[in-house]
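Visitor: Structure of the sequence below:
(2 chains)
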Amino acid sequence: MFKTIRGRVIAIVLVCAAAGYQLWSQGLSLGLDLQGGIHLALEVEDPDGTLTPEARVDAIAQAETVVRNRIDQFGVEEPIIQRNGDRLIVELAGIDDPDRARELINQQAYLEFKLVRPASDIANRVNVIDRAVLAEFSQDSLAALGRLVEASEAAQDQAELEGLIFGGAGNDSTSASDSTAAAESADSTAQADEAEDEAPNLSPFGSLLNNDIDPTAGQVPGSFLVAESDYEVANILLGNARVRTALRDVSLHWAEELIPAGATSYRRLYVLDEDAFVTGDFLNDAVATRDMQINEPIVNFEFSRAGGREFGRVTGANVGNSIAIILDGIVVSAPTVRSRITTQGQIEMGPGTPMEEAADLALVLRAGALPVPLEIAGQSEVGPSLGQDSIDQGEIAGLVGIMLVLGIMIVYYKMAGLLAIGALAIYVLLVLGGLAGFGANLTLPGIAGLILSIGMAVDANVLIFERIREELLAGRATRTAVEEGFGNAFSAILDANITTLITALILFQFGTGPVQGFAVTLSIGIVASFFSALFVTRTFFLIYLSGKKGSDPISI
Amino acid sequence: MRIFGNAAYRFIERRKTAYVLSSVAILAGIAGMILNIASIGAWQNYGVDFEGGVMVQVTFSEPATTGDIRAALGGASGPDVTEFGSDGAFIIRAEQTADGNIDASREEIQASLAEAFGESAFLIDRSEGVGPKIGAELQRKAAGAILLSFLLTLIYIAIRFELRFGMAAVIATMHDILVTLGFLALFRVEISLPTVAAILTIVGYSLNDTIVVFDRVRENMAKKGARKRSQVDLVNQSINETLPRTILTSGTTLAVLMALLVVGPAVIRDFSLVLILGVLIGTYSSIFVASPALIEIQKRMGESKPKREPVEHAKDAIPT
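Guide: All right, here's what the predicted structure looks like:
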């Protein structure tokens, strides 16, 4: 059927119709860089490198389910969630609040309920920690952490604190000598440096605690207050392996809320039971709502039957004591148990929290916790306006580029140039249809690839036309020259296209998102240009020649 | 209209000049790389894609200067701030933090800006964060991709033509990549994913150009009486015959790339620039590097010791 002009035209029309149909029915989907959106590469958080590769892959597989669940509930159109080895790739297009999406995906949402240790129990914990710190950290490293410089004032705090906690009774020798040293050095600030050497801070951790600043401190048993500026140092001390071992039977958790007092603010550190008596695994449902009495958003949750039973047992046995609700290691609240609670509970979000945040928390609680904390190993984010600007500018550049090529071709090859332009138009339709058909995203480098491939698609035509001219110059009859021209140019076009195709395929293999878009566009472009130059242009030539005699001149 | 219609330039005879030119370009590039190692610690100006770190592009609604922004972000020790295009857009680049938490670095930049200028004074156009692992992985993959494309095209051309054509094509491509990398190093163009895509495209384009010339050489060698003519003559003739096509195709490709560079989105300006450079270098190399390399290889392989390791000679042919 390709022998006759009619057969060729039918073939071209069919191919164009197919491409046009793909384009019309599928539409061109835009890549993240054009549409705006967020791309995340998540990995298992494993700072100590203790997980085996299999465990990482396993954890990511579980995390994928949870993340998919959350995104489904969040309602994003056509999210891409895929695993790549031990990495989870999430792409959300067209979202307007990337921060919220990030939080939603990355939040572990591990809910725990632990009993707060009674005040009588925590009293000696400070000394346990201090002893472990002193045994573990050298004087120099403590100095580096600033735990010696403040020895004098800190020791004073310590004395007051101990007075507060121990009610003035039971001052052991350690703190007594500490207070003495403090009293000596506190006399003169000029001697501070010497005081460092003479009077090492014997309570490097205890001196961080400031329960005296908060009049309500007594109302929250089992907790300490630490100045926000000391937060990091306290974490370093508490993170130490020896300290952790010394605190085997309890767990320490920070509260979320900051307590402002004067110029600084303070953070509460809770001493809790080591083990949670109920976790988020026992949640049946969670709903965000606004509590009308306190006028702040809350999340109401409901335990499963088994969870409710356990919760009822523990709360029943601990009326008057406090329980801490811990989300991802942070205490969100520590209410006092007034009566036995079974299936219902609530998390107060704090005043001024947007309702949205409560809704998101309810969502992640419903969707379940991530089996392990994830960290963002790579991300990119594009605002919607930038994407639109890129499209607009890309379109203008494309139009200008095409006009330039048209101009050059018509000036240089006249009628033949016009035929080539017709073939080029079909080429563009084929590429767009191909992109739509393969479901490939149009990305910014993709547009560049498209524009570039227009320039290169011309190449095949140029090769053919130059050959035809040569044959004409050699004195061949028109028809023969055209036939020969196409025949002679074939090998160069084939080889050039295949080598470029090899490069494009390697690019596809190597790249991510935008670069892959470029590679796909280039690959489709190469195949389309092959068809357009060798088949479409030739058909146009045959039509052009059909009205001519063998010896008539052609415009090329 | 016909340009270079009956060209008969003695290209091959001028190859020594081309060798000098290429050598100077490559040496300047290598000097640039060494300079970069000394001054910025890496032979190329790696972007966040490869080096890791955080990049944030912001647009301010009120006029702001890089100085203001830098001050808001912690002064000289803070992240790098550069103006991007026009219209109050800036690129902020922060290095990798010790713990590699890229999300925290991004949040910190955002928070500092909000504190200094107010929440509504600016808009985050895009941000990019790459952890150390992904960056290192990409560097490896990019190098692998370029090497693999060498290997596969060498094999393809060796099958379709002859081994020496393949070798000459690879020499020309290596020349193009070296010169391009040198240029990138000299001007400290940021190496990002699109830049690597551009380099690979150059590989494709340059090969395309070289193959058109080689195709003609192959054809002319098969013609009657070709055996009696010198190789230099044959290659010269082939280059001249394909010259109109070479110029025209480069012209149209450059035309669209110029359009991209001038009116296209700012985000791909570097990309377009690298491609323009690549087209120019690729066109030059198909005539002045690939073709002479073919002759040089032929000269040595044609001598009495055809079994000698050809790659050694290939090195001789690189004008360094």
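
Visitor: mind listing the strands for chain B?
Guide: For chain B, the strands identified by DSSP state E occupy B:53-60, B:80-83, B:89-94, B:122-130, in order along the chain.

Visitor: Now do the last one: everything it contacts.
Guide: For strand B:122-130, the external contacting residues (C-beta atoms under 8 Å, 6 or more residues apart in numbering or on different chains) are A:33, A:376-383, A:385-386, B:48-61, B:64, B:89, B:102-103, B:105-106, B:110, B:113, B:138. In short, each C-beta sits where N, CA and C put it, glycine included.

Visitor: 7 Å instead?
Guide: Strand B:122-130 is contacted from outside by A:376, A:378-383, A:386, B:48-49, B:52-61, B:89, B:102-103, B:106, B:110, B:113, using C-beta atoms under 7 Å, 6 or more residues apart in numbering or on different chains.

Visitor: one step back: would you tell me which of the strands of chain B gets closest to A:D392?
Guide: Taking C-beta to C-beta as the criterion, A:D392 comes closest to strand B:122-130 out of the strands of chain B, the separation being 14.4 Å.

Visitor: The closest one pairs with which strands, and in what direction?
Guide: When pairs are called by DSSP bridges, strand B:122-130 turns out to pair with strand A:374-382 (antiparallel), strand B:53-60 (antiparallel).

Visitor: Next, the angle from that strand to strand B:89-94.
Guide: 40 degrees (axes from the mean of the first three to the mean of the last three C-alpha atoms, to 10 degrees).

Visitor: picking up where we left off before, including mean neighbour count, distance to A:R538 and mean pLDDT, could the strands paired with strand B:122-130 go into JSON lines?
Guide: Rendered in JSON lines, the data for the strands paired with strand B:122-130 read as follows (neighbours: other C-beta atoms under 10 Å in any protein chain shown; distance: least, C-beta to C-beta, whole Å; pLDDT from 0 to 100):
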{"stretch": "strand A:374-382", "mean neighbour count": "24", "distance to A:R538": "43", "mean pLDDT": "87"}
{"stretch": "strand B:53-60", "mean neighbour count": "23", "distance to A:R538": "47", "mean pLDDT": "89"}
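
Visitor: Give me the pLDDT value at the nearest residue to B:S120 once chain neighbours are set aside.
Guide: Spatial nearest neighbour of B:S120, chain neighbours left out: B:S61 (7.6 Å); criterion: C-beta to C-beta, 6 or more residues apart in numbering or on different chains. Per-residue confidence at B:S61 stands at 84 (pLDDT).

Visitor: Can you list the buried residues in the host helix or strand of A:Y21?
Guide: If you go by DSSP states H and E, A:Y21 is part of helix A:5-26. Of the residues in helix A:5-26, those buried under the neighbour-count criterion (16 or more other C-beta atoms under 10 Å in any protein chain shown) are A:R8, A:A11, A:I12, A:V15, A:C16, A:A19, A:Q22, A:L23.

Visitor: Which pLDDT does the model give the second one?
Guide: In this case it means A:A11. For A:A11, pLDDT reads 92.

Visitor: touching chain B at all, stretch A:430-447?
Guide: Yes. Contact between stretch A:430-447 and chain B, assessed by C-beta under 7 Å from any C-beta of the partner chain, occurs at A:L444, A:P445.

Visitor: what does the stretch 201-320 of chain B put close to chain A?
Guide: B:201, B:203-204, B:207-208, B:211-212, B:215, B:244-245, B:248-249, B:251-253, B:255-257, B:259-260, B:263-265, B:267-268, B:271-272, B:275.

Visitor: Just the ones in helices from those, please.
Guide: B:201, B:203-204, B:207-208, B:211-212, B:215, B:244-245, B:248-249, B:251-253, B:255-257, B:259-260, B:263, B:271-272, B:275 (DSSP state H).

Visitor: Please pick the buried ones from these.
Guide: Of all these considered here, the ones buried according to neighbour count by 16+ other C-beta under 10 Å are B:201, B:203-204, B:207-208, B:211-212, B:215, B:244-245, B:248-249, B:251-253, B:255-257, B:259-260, B:263, B:271-272, B:275.

Visitor: still on that earlier bit, now render the strands of chain B as JSON lines, adding distance to A:F303.
Guide: As requested, the strands of chain B are arranged in JSON lines below (distance: least, C-beta to C-beta, whole Å):
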{"stretch": "strand B:53-60", "distance to A:F303": "41"}
{"stretch": "strand B:80-83", "distance to A:F303": "51"}
{"stretch": "strand B:89-94", "distance to A:F303": "44"}
{"stretch": "strand B:122-130", "distance to A:F303": "38"}
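
Visitor: so which of these comes closest to A:P98?
Guide: Distances from A:P98 to each of the strands of chain B were compared using C-beta to C-beta; the minimum, 8.1 Å, belongs to strand B:122-130.

Visitor: May I see the buried residues of the closest one?
Guide: Of the residues in strand B:122-130, those scored as buried under the neighbour-count criterion (16+ other C-beta under 10 Å) are B:F122, B:I124, B:D125, B:R126, B:S127, B:E128, B:G129, B:V130.

Visitor: which residues does the last one bridge with?
Guide: In this case it means B:V130. Those that pair with B:V130 in a beta bridge, by DSSP bridges, are A:G378, B:G53.

Visitor: Could I get the buried residue list for the helix or strand where A:L522 lies?
Guide: Taking DSSP H and E as the criterion, the element that holds A:L522 is helix A:513-531. Buried residues in helix A:513-531, counted by 16+ other C-beta under 10 Å: A:513-526, A:528-531.

Visitor: Kindly report the same for stretch A:533-543.
Guide: A:A533, A:L534, A:F535, A:V536, A:T537, A:R538, A:T539, A:F540, A:F541, A:L542.

Visitor: could you list every residue that touches the fifth one?
Guide: So that's A:T537. Residues touching A:T537, when contacts are defined by C-beta under 7 Å, 6+ apart, comprise A:L419, A:A420, A:A423, A:N461, A:I464.

Visitor: Pick the one among those closest to A:Q107.
Guide: Lowest distance from A:Q107 to those (C-beta to C-beta) belongs to A:A423, with 54.4 Å.

Visitor: Using the record's assignment, carve the chain into domains.
Guide: All of this is about chain A. Structural domains assigned to chain A are A:5-32+A:383-546, A:37-106+A:375-382, A:108-137+A:204-351, following automatic domain parsing.

Visitor: oops, chain B please
Guide: Dividing chain B into domains by automatic domain parsing, as the record does, gives the ranges B:12-41+B:135-317, B:53-130.

Visitor: In TSV, list the ones you listed along with distance to A:L283.
Guide: Listed next are those as TSV, based on distance: least, C-beta to C-beta, whole Å:
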stretch	distance to A:L283
domain B:12-41+B:135-317	38
domain B:53-130	27
